[in-house]
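**Student:** turn this into a model:
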Amino acid sequence: MAKKIVPDELWEIVEPLLPPEPPKPDGGRPRVSNRAALTGILFVLKSGIPWAMLPQERGCGSGVTCWRRLRDWHEAGVWKKLHQSLLEYLQEAEQLDWDRACMDSVSIKAKKGRSAIGPNPTDRGRPGTKRHLLTDRKGTPQEVVLSRANMHDSVPLSVLLDAVTPVAGRLGRPCQRPRKLHADKAYDFARFRRACYRRYIQARIARRGVEDTQRLGRHRWVVERTFAWLEQMRRLATRYERRTDIHYVFTLLGCSLICLKRLTRQF
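**Tutor:** Numbering: from 1, shown residues only. Okay, the predicted model is just below:
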């Protein structure tokens, strides 16, 4: 039997976050159910197909309907709340490790886009978008930021750290800052260390020309694995969205799916 695209565990978390259905005083066609629309959104995310090619036999409605539902739910803050809720469940289950965190970035091709697009220096100057990711010690994605492909890794550091929302657990104050932050040689700058110091974070950065590259990934390999998990979702391997916020939503939804699998102990 095929697995559900929207498992019951995910729907139980998403459903209370959705905005109420808008009234239809003049009648009209029946509205596609929210779960069916979410099924279509996840199908596009995982398969990477264009919205117009969404199979009608799945009962998800048209691609335009699913895209509009994705946009409207983003404007209502649903996807950010979903990711935050999953992090809180992981924190309550003691599955988040705040002792060490890792950050890195990866550039992807951008077929379309109006902003957060720049010449990729690692791809012969072709247009690209860079994805900056912060994970905990186990590789659980905590925050993601998008930028131009030609932006240096260390520039959006403060934005990425400050974007992390405090995560509440069973006891004590909500957690927001890791004790140590691991990064590669691209972050070996004084401004990076000052930014960590101001936030009471111990910077563990590979030093250029000093440390051997063979042992630098002892703690940082988890963020590379998380990037690989994200790129298994075909819509995230290449940017096809003109709107940066829609591509960001897809990325955030991919992070939420990783958190869900971590929560259900599938990884």
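**Student:** contacting residues for residue 254?
**Tutor:** Taking Cβ atoms under 8 Å, 6 or more residues apart in numbering as the criterion, residue 254 is in contact with 45, 229, 230, 233, 236. (Each C-beta comes from the backbone N, C-alpha and C, glycine too.)
**Student:** dump the residue contacts of the fourth one.
**Tutor:** Residue 233 is in contact with 45, 46, 48, 250, 254, 257, counting by Cβ under 8 Å, 6+ apart.
**Student:** picking that back up, widest-spaced pair of the contacts of residue 254?
**Tutor:** Greatest spatial distance among the contacts of residue 254 (Cβ to Cβ): 45 and 229, at 12.7 Å.
**Student:** what about these two, which has more around it?
**Tutor:** More neighbours surround residue 45 than the other of residue 45 and residue 229, with 21 against 17 (other Cβ atoms under 10 Å).
**Student:** circling back to that earlier point, nearest to residue 203, of the contacts of residue 233?
**Tutor:** Checking those against residue 203 with Cβ to Cβ, the nearest one is residue 254 at 27.5 Å.
**Student:** so what's residue 12 scoring on pLDDT?
**Tutor:** In this model, residue 12 is scored at 94, pLDDT.
**Student:** what residues does the helix or strand hosting it touch?
**Tutor:** Using DSSP states H and E, residue 12 sits in helix 8-14. The contact list for helix 8-14 (Cβ under 8 Å, 6+ apart) reads 6, 35, 38, 78, 82, 85, 86, 89, 257, 260, 263, 264.
**Student:** could you rerun that using 10 Å?
**Tutor:** Residues outside helix 8-14 that contact it (Cβ atoms under 10 Å, 6 or more residues apart in numbering) are 4, 6, 34-35, 38-39, 42, 73, 78-79, 81-82, 85-86, 89, 256-257, 260-261, 263-264.
**Student:** check those residues for burial and list the buried ones.
**Tutor:** Buried members of those, counted by 16 or more other Cβ atoms under 10 Å: 6, 34-35, 38-39, 42, 73, 78-79, 81-82, 85-86, 89, 256-257, 260, 263.
**Student:** let's see which of those residues end up in strands.
**Tutor:** Among the buried ones among the contacts of helix 8-14, no member falls in strands (criterion: DSSP state E).
**Student:** make sure residue 107 is indeed in a strand.
**Tutor:** Yes. Counting by DSSP: H, G, I helix; E, B strand; the rest coil, residue 107 is part of a strand.
**Student:** that one touches residue 124, doesn't it?
**Tutor:** No. Using Cβ atoms under 10 Å as the test, residue 107 is too far from residue 124 to be in contact (12.0 Å).
**Student:** and the two? which has more neighbours close in?
**Tutor:** Remark: of residue 107 and residue 124, residue 107 carries more neighbours, 20 against 7, as counted by other Cβ under 10 Å.
**Student:** how near is that one to residue 160?
**Tutor:** Separation of residue 107 from residue 160 (Cβ to Cβ, to the nearest Å): 16 Å.
**Student:** same question, residue 57
**Tutor:** Residue 57 sits 41 Å away from residue 160, going by Cβ to Cβ.
**Student:** tell me the pLDDT of residue 193.
**Tutor:** On pLDDT, residue 193 comes in at 88.
**Student:** what are the ranges of the strands in the stretch 101-250 of the chain?
**Tutor:** Residue ranges of the strands in the stretch 101-250 of the chain, as given by DSSP state E, counting those that start in this stretch, are 118-119, 127-136, 141-148, 180-183, 202-205.
**Student:** show me which residues of stretch 187-199 are buried.
**Tutor:** Within stretch 187-199, the residues that qualify as buried by neighbour count (16+ other Cβ under 10 Å) are 187, 188, 189, 192, 195, 196.
**Student:** rebuild those as CSV, extending it with distance to residue 101.
**Tutor:** Formatted as CSV, the buried residues of stretch 187-199 follow (distance: Cβ to Cβ, whole Å):
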residue, distance to residue 101
187, 13
188, 17
189, 18
192, 14
195, 14
196, 10
